[in-house]
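**Student:** Here is a sequence together with a model predicted from it:
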Amino acid sequence: DAGVTQSPTHLIKTRGQQVTLRCSPKSGHDTVSWYQQALGQGPQFIFQYYEEEERQRGNFPDRFSGHQFPNYSSELNVNALLLGDSALYLCASSLLGTSFTYEQYFGPGTRLTVT
Amino acid sequence: GENVEQHPSTLSVQEGDSAVIKCTYSDSASNYFPWYKQELGKRPQLIIDIRSNVGEKKDQRIAVTLNKTAKHFSLHITETQPEDSAVYFCAASPTYSGAGSYQLTFGKGTKLSVIP
């Protein structure tokens, strides 16, 4: 039973560039949530995708956008990168469908460094 | 929106002693409270959770208590072992259908060190 996977593991970008991060949910899950974790802080909710739509959004600017594909995998896109976007980006999968469960399981994260 | 406060930020205990981490939340609509353990460089791992219709839940050496009236919940680890050393995060989430639902709001974390 595959767990949550993310790619790439690490990424270094320059200010102003754009980046795309990818996430595959745990087998059987249909919902992907994205979180940003700055060093020494708890994860902060960015947004959540279910049925290929953004269902919830945290307090993040429009530079952060996403997508969910029919196979439930998801992408996080960040445009016009700022130094402050440097963080660990985590995705978490869960099940909101007919067999709803509360638990969210995290992937290993993508470490983004903006220089 | 929801705000979760977590204390203490660091905690050192002797191996075999108990550790307690406390969290408070602000949104009375929150009804799901998970705890995650994050080792250095690793993903947050769900270790235990509690729902608002339950006051206490145990899983071997780990227990969580919830006081909905006071809006606080706590993690208790008994007979601590060196492998319990990690950063622990509490979180809160409403699970009704509506704005803010199913999104986890995390505390800032507690770094637990278990001294052999």
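**Tutor:** Sure, I can see it.

**Student:** what about A:K26, distance to A:A92?
**Tutor:** 9 Å (CB to CB, to the nearest Å). Any C-beta I mention is one placed from the backbone N, CA and C, and that applies to glycine too.

**Student:** my bad, B:F33
**Tutor:** 16 Å.

**Student:** Then A:G84?
**Tutor:** According to CB to CB, A:G84 stands 22 Å off from A:A92.

**Student:** one step back: A:K26 and A:A92: which is more packed in?
**Tutor:** A:A92 (28 against 21; other CB atoms under 10 Å in any protein chain shown).

**Student:** ok, now which ones touch the residue nearest to that one when sequence neighbours are not counted?
**Tutor:** Closest residue in space to A:A92, ignoring its immediate chain neighbours: A:Q104 at 4.1 Å, by CB to CB, 6 or more residues apart in numbering or on different chains. By CB atoms under 8 Å, 6 or more residues apart in numbering or on different chains, the contact list for A:Q104 reads A:33, A:92-94, B:34, B:46, B:104.

**Student:** The residue in chain B positioned nearest to chain A: how many residues sit nearby?
**Tutor:** Residue of chain B nearest chain A, by CB to the nearest CB: B:F106 (3.3 Å). By other CB under 10 Å, the residues close to B:F106 number 24.

**Student:** Now do the contacts for it.
**Tutor:** Counting by CB under 8 Å, 6+ apart, B:F106 has contacts A:42-44, B:4, B:36, B:89-91.

**Student:** Now, of the residues you listed, which are buried?
**Tutor:** A:42-44, B:4, B:36, B:89-91 (16 or more other CB atoms under 10 Å in any protein chain shown).

**Student:** So which bits of stretch B:50-57 are buried?
**Tutor:** Buried-residue list, stretch B:50-57, by 16+ other CB under 10 Å: B:50, B:52.

**Student:** Residue numbers of chain B in contact with chain A?
**Tutor:** B:1, B:4, B:6, B:32, B:34, B:36, B:42-46, B:49, B:51, B:89, B:91, B:93, B:95, B:99-109 (CB under 8 Å from any CB of the partner chain).

**Student:** you'd agree A:G84 is in a helix?
**Tutor:** Yes. Checked against DSSP: H, G, I helix; E, B strand; the rest coil, A:G84 lies within a helix.

**Student:** Next one: it from A:S7, what distance?
**Tutor:** 23 Å.

**Student:** just A:P108 next, same as before
**Tutor:** Distance from A:P108 to A:S7, by CB to CB: 10 Å.

**Student:** Please apply the same query to A:T20.
**Tutor:** 10 Å.

**Student:** Low-confidence ranges, chain B, go.
**Tutor:** B:96-101 (pLDDT under 70).

**Student:** at 90 instead, please
**Tutor:** In the predicted model, chain B carries pLDDT under 90 at residues B:1-2, B:29, B:31, B:41, B:51-55, B:94-103.

**Student:** what pairs with the residue of chain B closest to chain A across the strands?
**Tutor:** Judged by DSSP bridges, the bridge partners of B:F106 are B:A91.

**Student:** Also A:Q68?
**Tutor:** Where A:Q68 sits in a bridge, its partners, by DSSP bridges, are A:S74.
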